[in-house]
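[1] model the structure of this input:
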Amino acid sequence: MRIEMPTNPLYEERRRSTAIVIILAAVTTILAFASIAVFRFGTNEDRAIAWELGLLTALLAVLAFWFRHIDIRLTDEGVRVSYGPFSRSLDWKDVVTSEHAHIPWYWGYGIRLALYMGRWIFVFNVLSGPGVVFLTKNNKPRGLYVSTLHPDQIVAIAQAKNADNTTSATLTTRPSAPPSFP
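    Presented below is the predicted three-dimensional model:
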């Protein structure tokens, strides 16, 4: 289910995914030259391969365009992360805690599931470096890692929102059943 976030963000960040764009652009360029060479100098049977290489080149170009940046948006309702055509939203009421995290370079980049403190979480990562983990109550997977340049600012906003939710939840909490009388 896609949650539409309102237009009044508390925090927005667009982080470029330079490494994946460079890798995909390099492979796309090599495939484009190979496709042209096979089409121009190959036999009629080879031209079918040239068309397949051309389609693969177009697909990689689209992927390079899609995954050129990651978007992070915090609002009064929650957090939303988009990376290419994929996105993930969490409501503040579902977030239990948020904390700094650092993914080593050899974990790579992209979108995937990973174990964090015994919990499966979504990872939206552009490169190694600072990030924030949002751990949730009941959602599956039980958290979200976001690669960011400003983890302190995001954690401060998330903790303030968690404090707001705790306060409002405490004020509106009622006993689940009336006390019983003998």
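[2] from here on, just use CA atoms for contacts and neighbour counts.
    Noted.
[3] buried sites along stretch 88-105?
    Going by neighbour count (16 or more other C-alpha atoms under 10 Å), the buried part of stretch 88-105 is 88-90, 92-99, 101, 103.
[4] any low-confidence regions in the chain?
    Counting by pLDDT under 70, the chain contains low-confidence residues at 1-7, 128, 165-182.
[5] which outside residues touch the helix or strand harbouring Phe124?
    Assigned by DSSP states H and E, Phe124 belongs to strand 119-125. Identification of contacts with strand 119-125 by C-alpha atoms under 8 Å, 6 or more residues apart in numbering yields 70, 81, 83, 108-115, 140-147.
[6] change it to 10 Å
    15, 17, 70-72, 81-83, 86-88, 103, 107-116, 131, 133-136, 139-148 (C-alpha atoms under 10 Å, 6 or more residues apart in numbering).
[7] dump the buried residues of stretch 88-105 into TSV; add secondary structure and distance to Glu77 as well.
    What follows is the buried residues of stretch 88-105, written out as TSV (DSSP: H, G, I helix; E, B strand; the rest coil; distance: C-alpha to C-alpha, whole Å):
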residue	secondary structure	distance to Glu77
Arg88	strand	14
Ser89	strand	10
Leu90	strand	8
Trp92	helix	6
Lys93	helix	8
Asp94	helix	11
Val95	strand	11
Val96	strand	14
Thr97	strand	15
Ser98	strand	15
Glu99	strand	19
Ala101	strand	23
Ile103	strand	27
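[8] can you give me the helices in this structure?
    Applying DSSP state H to the chain gives helices spanning 18-41, 44-66, 151-172.
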